[in-house]
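Q: What follows is a predicted structure for the sequence shown.
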Amino acid sequence: MIIYLKKEISENEINELVQALKNKGYKIFFIFKNIVKIDGDLNNFDMTFFKKFSCILNFQKLNHPFYLVSREYKNDDTIIKIKDSYIGKKEEFTLIAGPCAIENEEQFSKIIFNLKNLGIKFIRAGLFKPRTSPYSFQGLQNNGLELINNFKKENNLLFVSEIVSIEQIDKLDKYVDIFQIGCRNMQNYALLKAIGKTKKPVILKRGFSNTIEEWLLSAEYIMLEGNENIILCERGIRTFENYTRFTLDLSSIPLVKKLSHLPIIVDPSHATGRWDLIEPLSLASLACGADGLLLEVHENPKNALSDGPQSLKLENFEELLCKLNNIAKTLGKEIK
């Protein structure tokens, strides 16, 4: 339950209310100074209890354990502004594209040049790669930071890069425009809290074994610390199916739209693990109401150091872009 307090309230009034709630066995969480969340058995709650306290304006029963990310807290869609670009506008569909990992300057330069010519402004630029095998390519890491910086200055592009530890926040903050929290770190609560203390936009990927409720509660951790610039990303969940890398849960898109005001994008590259399935699932994501896509694109996928089989060639990406444009027009959207 949420209790809304008057803006002008004394410490004595707060202490009196808190003590009364504790006496009833409720856990109390101050979300803001004048918004209190209480947890406990509310089935037999006596609503006349509130009339005893003049400091209470109103109260609201919650349908879900999360609050700040829910439509109950904010009914209007959240729109994330990054410089002069936006993610979450109803009339726009955002594409974020690039390699799974920056491999070298030549490779990255070719991809950026071609994507920029196609009108892509948001560039995927992995530096720190958490890999299942310790023997797999882990990314350029710190050696790639200046590389991103040089391309930013020359091309006026926006860069997205995964962050895997609290220690990387200050390093990456200077070079990238959007943090990405990967599926393996979706419940790294220390990292979520630290990202929440920044104002940097963040893409929060759904863990491959996590429910939608757990995913939204992870977003709640970030927002509770003050960062409202959260972009949810559906990237597939683990099921018994083994013909694809994961199973893309398209139903999460309209469902999350009902539950939360946050924008949601889709990563069909990681969901399928197959470049030949990216096009139909990208089109379906747009039709389902997603706000954008996060796509892996490589100039030579066969020789990619990571995730080559799920990376689109540049010519395939261009074909997809044309088809997305056609569907977007029918839906009253514009590809950004």
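A: Received the coordinates, thanks.
Q: pLDDT on stretch 294-314, on average?
A: The predicted model assigns stretch 294-314 a mean pLDDT of 91.
Q: which of the residues in the lengthiest helix in the chain are buried?
A: For the chain, the helix with the greatest residue count under DSSP state H is helix 314-330. Using 16 or more other C-beta atoms under 10 Å as the test for burial, helix 314-330 gives Leu314, Asn316, Phe317, Leu320, Leu321, Leu324, Ile327, Ala328. For the C-beta atoms, the positions are set from N, CA and C on the backbone; glycine is no exception.
Q: Can you pull the domain assignment for this structure?
A: Per the record, the chain has its domains at 2-60, 80-335, by automatic domain parsing.
Q: winner for burial among those?
A: Among the domains of the chain, ranked by average contacts under mean count of other C-beta atoms under 10 Å, first place goes to domain 80-335 (a mean of 19).
Q: so how far is it from its chain's centroid?
A: Average the C-alpha atoms of domain 80-335, do the same for its chain, and the two points are 8 Å apart (C-alpha atoms, centre = their mean, to the nearest Å).
Q: again with stretch 73-81
A: Its chain's C-alpha centre lies 13 Å from the corresponding centre of stretch 73-81 when counted by C-alpha atoms, centre = their mean.
Q: who touches it?
A: Outside stretch 73-81, the residues that touch it by C-beta atoms under 8 Å, 6 or more residues apart in numbering are 67, 86-90, 201, 228-231, 261-263.
Q: Out of the residues you listed, the closest to Tyr135 would be?
A: Closest approach between the contacts of stretch 73-81 and Tyr135, by C-beta to C-beta: Ile231, at 31.9 Å.
Q: ok so the closest one is a helix residue?
A: No: if the criterion is DSSP: H, G, I helix; E, B strand; the rest coil, then Ile231 is strand and not within a helix.
Q: Apart from its neighbours in sequence, what residue is nearest it?
A: What sits nearest to Ile231 in space, not counting adjacent residues and going by C-beta to C-beta, 6 or more residues apart in numbering, is Ile203, at 4.7 Å.
Q: Now tell me what touches the helix-or-strand element of the chain with minimal mean pLDDT from outside.
A: Sorted by mean pLDDT, DSSP states H and E, the helices and strands of the chain end with helix 145-155, the least confident at a mean of 85. Under the contact criterion C-beta under 8 Å, 6+ apart, helix 145-155 has outside partners 102, 105, 108-109, 112, 116, 123, 125, 127, 140, 157, 159, 161, 171-172, 174-176.
Q: same thing but at 6 Å, please
A: If you take C-beta atoms under 6 Å, 6 or more residues apart in numbering as the criterion, helix 145-155 is touched by Glu105, Ile112, Lys116, Ala125, Phe159, Tyr175.
Q: which of these sit farthest apart?
A: Using C-beta to C-beta, the contacts of helix 145-155 reach their maximum pairwise distance at Lys116 and Tyr175, which is 18.0 Å.
Q: gap between the two ends of stretch 243-259?
A: Start to finish, the residues bounding stretch 243-259 are 31 Å apart (C-alpha to C-alpha, to the nearest Å).
Q: Likewise for stretch 246-253?
A: Per C-alpha to C-alpha, the first residue of stretch 246-253 is 16 Å away from its last.
Q: which other residues reach that stretch?
A: 208, 212, 234, 236-239, 241, 264, 271, 281, 284, 288-290.
Q: In helices only, show me these.
A: By the criterion of DSSP H, membership of the contacts of stretch 246-253 in helices covers Ile212, Ala271, Leu281, Ala284, Cys288.
Q: just to revisit the earlier point, tell me what angle the helix or strand just after the least confident helix or strand of the chain forms with helix 145-155.
A: Using DSSP states H and E, the next helix or strand after helix 145-155 towards the C-terminus is strand 158-162. With axes from the mean of the first three to the mean of the last three C-alpha atoms, to 10 degrees applied, the angle from strand 158-162 to helix 145-155 works out at 160 degrees.
Q: Low-confidence stretches in the chain?
A: Using pLDDT under 70 as the threshold, the predicted model of the chain has low-confidence ranges 44, 138.
Q: mind running it again at 80?
A: Counting by pLDDT under 80, the chain contains low-confidence residues at 41-51, 128-132, 135-142, 153.
Q: Tell me where it has helices.
A: 11-23, 105-117, 145-155, 169-173, 189-196, 212-224, 252-259, 268-272, 278-288, 314-330.
Q: can you put the ones you listed in CSV and add distance to Phe29?
A: Written out in CSV, the entries for these read as follows (distance: least, C-beta to C-beta, whole Å):
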stretch, distance to Phe29
helix 11-23, 11
helix 105-117, 44
helix 145-155, 38
helix 169-173, 25
helix 189-196, 14
helix 212-224, 9
helix 252-259, 20
helix 268-272, 34
helix 278-288, 34
helix 314-330, 41
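Q: Skipping its backbone neighbours, what lies nearest the residue of the chain positioned farthest from its centre in space?
A: Of all residues in the chain, Lys52 sits farthest from the chain's C-alpha centroid, using C-alpha atoms, centre = their mean; the distance is 41.6 Å. When the adjacent residues along the chain are set aside, Lys52 lies closest to Ala20, with 7.7 Å between them (C-beta to C-beta, 6+ apart).
Q: got it, and Ile169?
A: The shortest distance from Ile169 to any residue that is not its chain neighbour, by C-beta to C-beta, 6+ apart, is 6.0 Å, and that residue is Ala194.
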